[in-house]
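Trainee: have a look at this prediction, sequence included:
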Amino acid sequence: MVISRKERVIKAFHGESVDRVPVGFWYHFLPEDELGQGLNNHTIFQKNLEGHRKFIKEVDPDFIKIMSDGFFTYPNPLITTGVSSIQDLSEISSIGEDHPWFEQQVELVKAIKNSFTEDIVAIYNIFAPVTYLKWQLAGQIASGDTFIADFLHENAQILKRVLNTIAGDIAILVRKIITEAKIDGIYLSVQSIQDDRVSDEDYRHYIAPSDLKILEAAHQVDGVSVLHICGYEGATNNIGFFKDYPAQVYNWAVKPEGVSLSKGRELFGGKPVLGGFVNTQEGVLYSGSKEEVQARVKELLQEAGTRATIIGADCTIPSNIGAERIAWVKEAAAW
């Protein structure tokens, strides 16, 4: 029986047998200095929208992770680069359910969905509350971990309260995106704090509850959840720490973390796994021949099997990659 592309991906996300392993890659459509500048900025909004439209036309993806480019900055007025103490954030409160930051992201997702030539699975990029916080404090993407370590040791309970307040707002975003924009779920990016002063126990007690609040929000409105354990720019994670997070699909940096897809699936209780390719310009997806790319696909399928497997990358791939390279992967994944 022939099934639709959407049915195939949903089956794979639920660990059911499929006729072909789905493939999913994605990249950013804005330069780094614009990733947090999209609120009330029609030009940036349109650049992200047009980037998705071009990607959908050229790549014809099995499913799509809709990029939140332009909205990386959580617009709470208390969180600024001038904050030097967690006490400065002790009076933090919600930005309010009707904030334009929510509504404009819903508008973005709706506009992107209108670009679909067929109904495909769409998940929206969401960051962990601690990620929004640390990036905003540092004023720079992929930084700010020292702030979290400092604040945790200054007053861990206040930090936990701050993160839970942010999580409450991100949960609003998640519910709105799924129920109002009518997409299938979220791709939640988490990461261990890249500072040795923060132990797994610290993360478990003071940070993890805010992560779990986001997954719970998605599940409350019947959304699917992909947990991305981010190894961006050399960040390292204890993959096993996240094994009890109740996501439906798991994605991590396979080679850098030293955890294969099959080992990861075992670690995550047999749940579906996504990934396998290195995402950088040094990886075979970006620089290898067609034969090398397709050999990697075959290697992954032999190692991980075809059930509860989705082929993808460690993280976001370079935006200048040729669409034909993704087509090579899809061709090989058809086995």
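Mentor: That came through fine.
Trainee: packing partners for the lengthiest helix in the chain?
Mentor: Criterion DSSP state H: the longest helix present in the chain is helix 145-180. Packing partners of helix 145-180 (3 or more CB pairs under 8 Å, 6 or more residues apart in numbering; DSSP states H and E): helix 100-113, strand 121-127, helix 129-138, strand 185-190, helix 208-220. C-betas here are computed from N, CA, C, even on glycine.
Trainee: and with 6 Å instead?
Mentor: helix 100-113, helix 129-138, helix 208-220 (3 or more CB pairs under 6 Å, 6 or more residues apart in numbering; DSSP states H and E).
Trainee: and those helices: which comes nearest Ala333?
Mentor: helix 100-113 (24.2 Å; CB to CB).
Trainee: now do that closest one and helix 145-180, the angle between them.
Mentor: Helix 100-113 runs at 60 degrees relative to helix 145-180, counting by axes from the mean of the first three to the mean of the last three CA atoms, to 10 degrees.
Trainee: in helix 100-113, what counts as buried?
Mentor: In terms of neighbour count (16 or more other CB atoms under 10 Å), helix 100-113 has its buried residues at Trp101, Phe102, Gln104, Gln105, Val106, Leu108, Val109, Ala111, Ile112, Lys113.
Trainee: likewise stretch 146-156?
Mentor: For stretch 146-156, by 16+ other CB under 10 Å, it's Thr146, Phe147, Ile148, Ala149, Asp150, Phe151, Leu152, Asn155.
Trainee: which helices and strands sit right next to the helix or strand containing Gly275?
Mentor: Take DSSP states H and E as the rule and Gly275 turns out to sit in strand 273-277. Helices and strands touching strand 273-277, by 3+ CB pairs under 6 Å, 6+ apart, are strand 249-252, helix 261-267, strand 309-313.
Trainee: how distant is the first one from the center of its chain?
Mentor: Yep, that's strand 249-252 we're talking about. In terms of CA atoms, centre = their mean, to the nearest Å, the centre of strand 249-252 is set 9 Å apart from its chain centre.
Trainee: repeat for the longest one
Mentor: Here the centre of mass of C-alpha atoms in helix 261-267, compared against the chain's by CA atoms, centre = their mean, lies 19 Å away.
Trainee: who touches that helix?
Mentor: Contacts with helix 261-267, where a contact means CB atoms under 6 Å, 6 or more residues apart in numbering, come from Lys243, Val273, Gly276, Glu303, Ala304.
Trainee: do the first one as well
Mentor: Surrounding strand 249-252, the residues in contact under the criterion CB under 6 Å, 6+ apart are Phe13, Val226, Leu227, His228, Ile229, Ile239, Phe268, Pro272, Val273, Leu274, Gly275.
Trainee: next, the contact list for Leu137, please.
Mentor: By CB under 6 Å, 6+ apart, the contact list for Leu137 reads Val83, Gly144, Phe147.
Trainee: need these in a markdown table with pLDDT and distance to Ile178, can you?
Mentor: Formatted as a markdown table, those follow (pLDDT from 0 to 100; distance: CB to CB, whole Å):
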| residue | pLDDT | distance to Ile178 |
| --- | --- | --- |
| Val83 | 95 | 31 |
| Gly144 | 95 | 28 |
| Phe147 | 97 | 31 |
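Trainee: dump the residues you listed to JSON lines, plus distance to Lys290.
Mentor: Shown next, in JSON lines, are the contacts of Leu137 (distance: CB to CB, whole Å):
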{"residue": "Val83", "distance to Lys290": "50"}
{"residue": "Gly144", "distance to Lys290": "40"}
{"residue": "Phe147", "distance to Lys290": "45"}
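Trainee: and the helices and strands packed on helix 145-180: which comes nearest Phe71?
Mentor: helix 100-113 (5.5 Å).
Trainee: now that closest one, how far from the centre of its chain.
Mentor: A distance of 17 Å separates the centroid of the chain from that of helix 100-113, by CA atoms, centre = their mean.
Trainee: so what touches that helix?
Mentor: With contact meaning CB under 6 Å, 6+ apart, helix 100-113 is reached by Leu39, Leu49, His52, Ile66, Phe71, Pro75, Leu173, Lys176, Ile177, Glu180, Ala181, Ile183.
Trainee: please pick the buried ones from the residues you listed.
Mentor: Neighbour-count burial (16+ other CB under 10 Å) is assigned, among the contacts of helix 100-113, to Leu39, Leu49, His52, Ile66, Phe71, Pro75, Leu173, Lys176, Ile177, Ala181, Ile183.
Trainee: many thanks, have a good one.
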